[in-house]
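*Asks:* Predicted coordinates and the sequence they were generated for:
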Amino acid sequence: MLKKLIYLVTALVFVASISICTFAQEKEIELTVLNYLDITSPEAKTWDATLEAFYKEYPNIKLKIENLFGEAYHQKLRALAAAGNLPDVMYLWPGGRSAEIYKNELTEDLYPYLSANRARFVPVAVAPQWEGKLYELPIATTATHVVYANTKLLKDLGLAMPKTYDELVAMVPKIKEAGLDPIIMPNKASWVMQSCLFSALVGRIGGQEWLEKAIAGEASFTDQEFVDSLKLVKDLYDTGLLPPSSIQLEYGDGPNLFASGKGVFMIDGDWRVNALIPLLSEEEQKDITLTVFPDIPDQDGKSGSTSTVAATGFGMKAGLPKEKAKAAWKWIYFFAGPKASEIRLVDQGMISSYRMKLEGYDLPPLAKKRGAFYAIHSGTYVLDDKISGEPINILNIGLQGLALGNITPEKLAADFEAAMKEIR
Amino acid sequence: MKKSRRAWIYIGFVAPALFIYLAVIAFPVMSSVLLSFTKYNVYKNTAVWIGLANYIKIFKEPVFWFSVRNNLFVIFVSVFGQIPIGFILAYIIYRKLVKHRNFFQLMVFLPSIISTVIVGILWSSLFSPIGAITKIIQSITKNPDYVMSIMTNKNLAMLPIGFVLLWMYTGTYLIIFLANLQNINPDVIEAAQIDGATNSQILTKVIIPQLYGVIVLTMILAISGSLKSFDLVFAMTGGGPAYYTNLLAIYMYNYSFIYANYGVGSAISTVMVFMCIVLIFMIRFIRSKIESMED
């Protein structure tokens, strides 16, 4: 009898220990990820390093990644959303581009997951994105408008950094005489003008307060503030600051043209630092200044303001099973959190939305300038972050129309306001 | 064989193809027509009947009519450019009027087997202000300030696209015509020659009448292909600058996939289908008139 009891207890202990071992070893979870990445860009190296660090920390989570970039990404995401077949984790925008997904509640609110860690991020990055919810965890705050100035070229031409718009216009003859373009801003893609310059101009001329009122419908986009901003865009072409050919240039042409000294200024987003760093030596980077559009006569907005937006990040599909949702959050938080932020800081000079100390990092000169830029320049809204759909397309196409001379600022303002009225 | 058994055999053979046709072509077309009368939310799969509002909206928009104009230009290039040039080149090869016929044929046909997106990007960079064509003209005219600006001219922006369409698709028609020319009985041509017919008489009185069917077929292919034309122009210009190179398919794409307004997108696609049917009936009518005149 005792022998039987011993056998029974031994068997039970054996089974129990195997069960404990099995449960102790975490189950492997696979997540489908739709990522926004140009695999030929310098960012691809940073992405690989981030993945490596993630797998080291979470070996039980397997990411099945599909990388797409540009319009191809948006097409795929829209098609997957329409088919009700979103991936577990996907790259999202704080507003505009991802508005349809948020409006239809296809992704999960991340606030319950972020909870106590919210204080670790700069407030503007984790502010509500849609109807009081946070649908993606932004990796940084982005300035969509930066004027990159080649100070060496300016010096060679005997010119100084312009403080006002009039001073900028006055430079045109001298720069053109030297066979250079005053401003490089390839905007064949229609979003570029609106996102990288016009939004900042509206914020500067009309001020943030007026802009908020206009978006809410308490002021009209036919007001003088908006019309004057459109007139300024037209003036950039009329004065020769922007060559007419700029609306035929591909967006990707900008950094090469600027780095090879074909223009004195380049207007683009802060993300272009990543593309410029590999093209310029450390010495050459010291000759590049990151600033904003100079003061405009009668501006109501703050001097030195740019347009900013909480940047992109990952979000998760709504209604994931508990285990998957936990794993998805681990990736989302890792990607916006301290380790991935450090990798991006060192590789690209990207200042993260996660609060971190910048001392002690050996960064390229242009990356350091990018870091300093945010401390100097305040931000106003980026229009396509706050407005989506048909109105923003009317504006984007209309901004190209101003360059081509087929629409007046007044008509464009009226068309835009009419489209806004339909969606308000 | 009993009639009923034969009927079952017919049904057995036809049913799978008919089912696929109904599922893949007829059902989506009919769904699209129905959606065009609604305000449809694709994410929630809900539709609200709004009658002709989507059609009224697009007919009021100047961009729609500009896109129709651009589509008609593409049809013009296809029907009066690709088909005649394809036929002439096929005739030259068929009548052995050039040496190295295989090489010639390959060179003309090659562009049509390259990915359309690659062709679009290639030509877009050639036409760019910093592209090869601008540089060549700068060096020929010795004017370093010259910039190719044809794409920014509202009335001329479609011309470079027309040129690329000719370059890319003429080879397809060459192959179709060449295959059909080779099917013509050489004895007929020989007989005409013995009867003293000149080369132009052989072409107009012997060869072309035998190719009427193929010409109509190529025209139908050209019209339907031109109306749904999207990929090349989307890769080359995306419909820009502004809306100068917009086509109906790009216009539809913007409404459906950028603004998520599938009702308006469906209305545009219904108009495209309607235009296609009208144009094809016109061609068939013209063909029957020509044939009855000859009879």
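*Replies:* Yes, it's here.

*Asks:* Get me the contact residues on the stretch 251-400 of chain A for chain B.
*Replies:* Contacts of the stretch 251-400 of chain A with chain B, taken as CB under 8 Å from any CB of the partner chain, map to A:253, A:257, A:389-390, A:393, A:397-398, A:400. Where you see a C-beta, it was placed from the backbone N, CA and C, and this is true even at glycine.

*Asks:* one more time with 10 Å, if that's ok
*Replies:* Selection of the stretch 251-400 of chain A residues close to chain B by CB under 10 Å from any CB of the partner chain yields A:253, A:256-257, A:262, A:388-394, A:396-400.

*Asks:* Show me the residue sitting in the middle of chain A in space.
*Replies:* A:Ala311 (4.3 Å; CA atoms, centre = their mean).

*Asks:* Enumerate every residue touching that residue.
*Replies:* A:93-94, A:125, A:136, A:138-144, A:270-271, A:336, A:350, A:352-353 (CB atoms under 10 Å, 6 or more residues apart in numbering or on different chains).

*Asks:* For the residues of the stretch 251-400 of chain A next to chain B, which single residue is the most surrounded?
*Replies:* Neighbours here mean other CB atoms under 10 Å in any protein chain shown. Within those, the largest count is held by A:Ile392, at 27 neighbours.

*Asks:* any idea of the pLDDT on it?
*Replies:* Listed pLDDT for A:Ile392 reads 91.

*Asks:* Was I right to think it contacts B:Ile258?
*Replies:* Yes: taking CB atoms under 10 Å as the definition, A:Ile392 is a contact partner of B:Ile258 at 9.3 Å.

*Asks:* which residues are in contact with both of the two?
*Replies:* A:Arg97.

*Asks:* Now for the residue of the stretch 51-200 of chain B found nearest chain A: which residues touch it?
*Replies:* Relative to chain A, the nearest point of the stretch 51-200 of chain B is B:Pro129 (3.7 Å; CB to the nearest CB). Shown in contact with B:Pro129 (CB under 10 Å, 6+ apart): A:186, A:188, A:243-249, A:253, B:135, B:146-149, B:151-152.

*Asks:* so where is the stretch 151-295 of chain B shaky, pLDDT-wise?
*Replies:* For the stretch 151-295 of chain B, the stretches with pLDDT under 70 are B:294-295.

*Asks:* which parts of it sit against chain A?
*Replies:* Within the stretch 151-295 of chain B, the positions near chain A by CB under 10 Å from any CB are B:151-154, B:157, B:234, B:237-244, B:246, B:253-262, B:264.

*Asks:* From the residues you listed, list the buried ones, please.
*Replies:* The neighbour-count test (16 or more other CB atoms under 10 Å in any protein chain shown) marks B:151-152, B:157, B:234, B:237-244, B:246, B:253-262, B:264 as buried among those.

*Asks:* Cross these against helices and list the overlap.
*Replies:* B:234, B:253, B:262, B:264 (DSSP state H).

*Asks:* I'd assumed B:Lys44 was in contact with the third one.
*Replies:* No: with contacts counted by CB under 10 Å, B:Tyr262 stays clear of B:Lys44, the gap being 11.7 Å.

*Asks:* Flag every residue of the stretch 1-150 of chain B that's near chain A.
*Replies:* So the stretch 1-150 of chain B meets chain A at B:41-45, B:63, B:117, B:121, B:124-125, B:127-131, B:134, B:144-145, B:147-150 (CB under 10 Å from any CB).

*Asks:* Just the ones of the residues you listed in strands?
*Replies:* Counting by DSSP state E, the part of the residues of the stretch 1-150 of chain B next to chain A found in strands is B:Asn41.

*Asks:* quick one: low-confidence ranges for the stretch 251-400 of chain A?
*Replies:* Residues of the stretch 251-400 of chain A that meet the cut-off, pLDDT under 70, do not exist.

*Asks:* As a check, name the ranges of all helices in it.
*Replies:* A:254-259, A:272-276, A:282-286, A:322-336, A:338-348, A:365-376, A:383-386, A:390-404 (DSSP state H, counting those that start in this stretch).

*Asks:* could those helices be laid out in TSV, adding distance to B:Leu174?
*Replies:* Formatted as TSV, the helices of the stretch 251-400 of chain A follow (distance: least, CB to CB, whole Å):
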stretch	distance to B:Leu174
helix A:254-259	39
helix A:272-276	43
helix A:282-286	52
helix A:322-336	53
helix A:338-348	51
helix A:365-376	53
helix A:383-386	46
helix A:390-404	37
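
*Asks:* Dump the ones in helices among the buried ones among the residues of the stretch 151-295 of chain B next to chain A to JSON lines, plus distance to A:Leu153.
*Replies:* Formatted as JSON lines, these follow (distance: CB to CB, whole Å):
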{"residue": "B:Phe234", "distance to A:Leu153": "37"}
{"residue": "B:Tyr253", "distance to A:Leu153": "41"}
{"residue": "B:Tyr262", "distance to A:Leu153": "50"}
{"residue": "B:Val264", "distance to A:Leu153": "48"}
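
*Asks:* So which of the residues you listed is the closest to A:Arg424?
*Replies:* Among those, B:Val264 lies closest to A:Arg424 (CB to CB), at 18.8 Å.

*Asks:* Kindly give a single PyMOL line that selects the buried subset of the residues of the stretch 1-150 of chain B next to chain A.
*Replies:* Buried residues among the residues of the stretch 1-150 of chain B next to chain A (16+ other CB under 10 Å), as a PyMOL selection:
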select buried, chain B and resi 41+42+43+63+124+127+128+129+130+131+134+147+148
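
*Asks:* Take the residues of the stretch 1-150 of chain B next to chain A and keep only those in helices.
*Replies:* Per DSSP H, the subset of the residues of the stretch 1-150 of chain B next to chain A in helices is B:63, B:117, B:121, B:124-125, B:127, B:134.

*Asks:* I'd like the distance between A:Ala325 and A:Leu31.
*Replies:* Separation of A:Ala325 from A:Leu31 (CB to CB, to the nearest Å): 10 Å.

*Asks:* Equivalent analysis for B:Leu221, please.
*Replies:* 45 Å.

*Asks:* Please apply the same query to B:Met275.
*Replies:* Taken as CB to CB, the span from B:Met275 to A:Leu31 is 46 Å.

*Asks:* what about the two, which has more around it?
*Replies:* A:Leu31 (21 against 17).

*Asks:* so where does that one fall, helix or strand?
*Replies:* For A:Leu31, the element it lies in under DSSP states H and E is strand A:29-36.

*Asks:* Tell me which strands that strand pairs with, and in which orientation.
*Replies:* Its sheet considered, strand A:29-36 pairs with strand A:61-68 (parallel), strand A:89-92 (parallel) by DSSP bridges.

*Asks:* Tell me the buried residues in that strand?
*Replies:* By 16+ other CB under 10 Å, the buried positions in strand A:29-36 come out as A:29, A:31-36.

*Asks:* ok, now which ones touch the closest residue to B:Asn246 other than its chain neighbours?
*Replies:* Once flanking residues are discounted, B:Asn246 sits nearest to B:Gly239: 4.0 Å by CB to CB, 6 or more residues apart in numbering or on different chains. B:Gly239 makes contacts with A:190, A:397, B:63, B:67, B:70, B:230, B:233, B:245-247, B:249-251, B:253-254, as judged by CB under 10 Å, 6+ apart.

*Asks:* 8 Å instead, please
*Replies:* Taking CB atoms under 8 Å, 6 or more residues apart in numbering or on different chains as the contact definition, B:Gly239 lies against B:233, B:245-247, B:250-251, B:254.

*Asks:* And the strands in the chain?
*Replies:* Picking chain A for this. A:29-36, A:61-68, A:89-92, A:137-138, A:141-143, A:146-150, A:181-184, A:263-268, A:288-291, A:306-310, A:313-316, A:379-380.

*Asks:* Chain B, not that one
*Replies:* With DSSP E as the criterion, chain B has strands at B:38-41, B:46-49.

*Asks:* Please produce JSON lines containing those, extended by mean pLDDT.
*Replies:* Shown next, in JSON lines, are the strands of chain B (pLDDT from 0 to 100):
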{"stretch": "strand B:38-41", "mean pLDDT": "91"}
{"stretch": "strand B:46-49", "mean pLDDT": "92"}
